[in-house]
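okay, sequence plus prediction incoming.
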Amino acid sequence: MWEYTDKVREHFLNPRNVGEVDQPDGVAEVGSIACGDAIKLSFKLDENKRIQEAKFKTFGCASAIASSSALTEMIKGMTLEEAQKVTNQDIATYLGGLPEEKMHCSVMGKEALEKAIENYQGAPAKEPGAQIVCECFGVTDREIERAVRENNLTTVEDVTNYTKAGGGCGNCHDAIRQIIERVRAEAKPAATPKMTNIQKIRMIEEALEREIRPSLKHDGGDIELIDVVGNRVIVAVRGACAVCKASESTLKLFVEAKLRELVSPDLIIEEVAP
Amino acid sequence: MNTVYLDNNATTQVAPEVLEAMLPYFHEYYGNPSSMHSFGGQVAKKLREAREQVAALIGATPDEIIFTSCGTESDNAAIRSALATYPERRHIVTSRVEHPAVKVLCAHLAGQGYRITELPVDKNGLLDMEQFVGSLTPDTAVVSLMWANNETGVIFPVEKAAELAHERGIPFHTDAVQSTGKIPIDLKKSMIDMLSFSGHKLHAPKGIGVLYVRKGTRFSPFLIGGHQEKGRRGGTENTPSIIGMGKACELAARHLSAENSAVRRLRDRLEEALLARIPQCRVNGDILQRLPNTTNISFEFVEGEGILLLMNEYAICASSGSACTSGSLQPSHVLRAMGVPFTMAHGSIRFSLSTYNTEEEIDFVIEKLPPIIERLRGMSPYWTSVAQACASV
């Protein structure tokens, strides 16, 4: 039996926003019945261009249904720009985590959201130039590249857990391995200190927003970037973190490690003097 | 809430009589049956009785019974023994729908240079006997075919297959884990050389298995050690479990007719009611050549894990062949081998009954399952379009 969090169970047993939005502004379908899961997502904007209503129909396991339910709850009230920033990790975090083998459910939600927004904006639904790598599940190189980049994947097994690619006949394992190597090789030069200070600050902000804040918020905490001086990143902790005795080690072990991995390996994190 | 346990092909409850028979052999009569003193000797006597009870269930003689730790050990021991007996032969014949205990072992042996023929099955899960005969060669070291399939309950004609293999001088092994105690087995009348089964599928505890080896069949042990089991399986005997296994086999022999009447009736009642009340579903596997306790039903446009978890809310236990529950990304290899479309395989549920199930339990499932399927279909993007298409006809 899968180890689901109470939140996954709850969203599966009482899913929010099941159905299809009447006269939607954006709609998308991803996955297929043959793959074992599929989602149809539709949304409607209000006069301020914020998502007023979002609904889903999902064929799939409990975590696919829970991920869809969570996604529709999360994006309500967001602008499309904000919604575009929602990552599959955010969906998983919202649900208190998903079993590693089920991460592809959150990826599917993210893809549906992206395609629904593209559908609203009138952009092509298929990424141009994308090549199918995994024939069994119809997964493209672009999808694998993105999953590797956004979730820092290192093995074929990781990629299968997140995208399903490689979970069938296994013929594409070499191709997946090559994509992992390529993406990781590309990621490294970006992290060398050739960047300008503005670029560095932007990347730190983005890493905080995408990777770090959701985890801290999960425990009732938050973090704010105060300044960047050379390689010193000066931050202030907020909420539960401000009174938490473990916050110092959280900063070193988690925040600093994440920033070093995502931005530059020589960053040093410092808490602003109270 | 009372548990409604319809997952007896996964494992079964230990029968109260079995537990009772076993208990004294943990703390009271704990002697080693190999000891010279009568404290151990009395346990050896009890093991002899158990061996007789086991042999009687399958029409064997007691010295043809080897106790092992599980069905998987029995399967491994049988196949490896045949390979050791004919080291010059490099070919194994099996089927695409075997249990992992045989299937994964054969894949492993393929890695060591053995040639494996995995016989296909038709859409009902049945073998083509002509194709079977065609697969047998002078190089074939062993045939291993399951007696009944764990997922669909489909029965293979293993007695006939064993004869055909024998005519060509090829040893025949069958994994009878699912069929033992559910359908009559009489090995006196068959040419089967080796047969495996497991205690926990017939109301004995987990951790005890049996390997039958026909008298005259050469056997090369898998576990090498002491003289136990006449040197065919080293290791101090699991005395309480062997005694429990004996009792369970005695009970199974007694319940065999009930299994084929009362249990079959309950299974048919469940199957007929679900097929009648739920649109777009079908039974997987041949409905005649099938165990009396098993039904495997596919509910189209929904995914099995969701069904299992919603049934779980009512404490109803069953299994699914869907990808999500298998831990892999593909639905069950058995359903795929039968050519069941993925759309059907993902929504497959196996109900497997035992003599402990009641009519009330079956009626409870018949009442609770249709709304569960309807609810999941209400969330499925595929169901709406199908429902609309049907309505417009």
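Perfect, I can see it now.

distance of residue A:158 from chain B?
Going from residue A:158 to chain B by Cβ to the nearest Cβ, to the nearest Å gives 14 Å. Quick note: C-beta positions are derived from backbone N, CA and C, even for glycine.

near chain B, which residues of the stretch 1-150 of chain A?
Within the stretch 1-150 of chain A, the positions near chain B by Cβ under 8 Å from any Cβ of the partner chain are A:2, A:9, A:12-13, A:15, A:18, A:20, A:29, A:33-40, A:57-62, A:64-65, A:101-102, A:136-137.

how about 6 Å then?
A:18, A:33-34, A:36, A:38, A:40, A:57-62 (Cβ under 6 Å from any Cβ of the partner chain).

for chain B, give me its nearest residue in the stretch 101-250 of chain A.
Per Cβ to the nearest Cβ, residue A:167 is where the stretch 101-250 of chain A lies closest to chain B, at 3.2 Å.

tell me the spacing between the nearest residue to residue B:5 once chain neighbours are set aside and chain A.
Closest residue in space to residue B:5, ignoring its immediate chain neighbours: residue B:317 at 5.0 Å, by Cβ to Cβ, 6 or more residues apart in numbering or on different chains. Noted for residue B:317: a distance of 11 Å to chain A, by Cβ to the nearest Cβ.

so what's residue B:229 up against?
Taking Cβ atoms under 6 Å, 6 or more residues apart in numbering or on different chains as the criterion, residue B:229 is in contact with residue B:66.

show me what from chain B comes close to chain A.
B:303, B:305-306, B:309, B:323-324, B:329-330, B:342-343, B:346, B:379-382.

who wins for neighbours among those?
Using other Cβ atoms under 10 Å in any protein chain shown as the neighbour test, the residues of chain B next to chain A are led by residue B:346, with 34 neighbours.

what's the average pLDDT for stretch B:285-303?
The pLDDT scores in stretch B:285-303 average 95.

skipping its backbone neighbours, what lies nearest whichever residue of the stretch 151-300 of chain B sits closest to chain A in space?
Distance from chain A to each residue of the stretch 151-300 of chain B (Cβ to the nearest Cβ) is smallest for residue B:300, at 9.0 Å. Leaving aside its chain neighbours, residue B:300 sits nearest to residue B:280 (4.4 Å; criterion: Cβ to Cβ, 6+ apart).

quick one, strands of the chain?
All of this refers to chain A. Ranges of strands within chain A are A:26-32, A:37-45, A:51-59, A:132-134, A:139-140, A:221-229, A:232-239, A:268-271, based on DSSP state E.

correction: the question concerned chain B.
Counting by DSSP E, the strands of chain B are B:4-5, B:65-68, B:91-95, B:115-119, B:140-146, B:172-175, B:194-198, B:209-213, B:281-283, B:294-299, B:316-317, B:319-320, B:348-352.

roughly how far apart are residue A:140 and residue A:171?
16 Å (Cβ to Cβ, to the nearest Å).

the more surrounded of the two?
The residue with more neighbours, out of residue A:140 and residue A:171, is residue A:140; 18 against 12, by other Cβ under 10 Å.

what's opposite that one in the beta bridge?
Beta-bridge partners of residue A:140, counted by DSSP bridges, are residue A:132.
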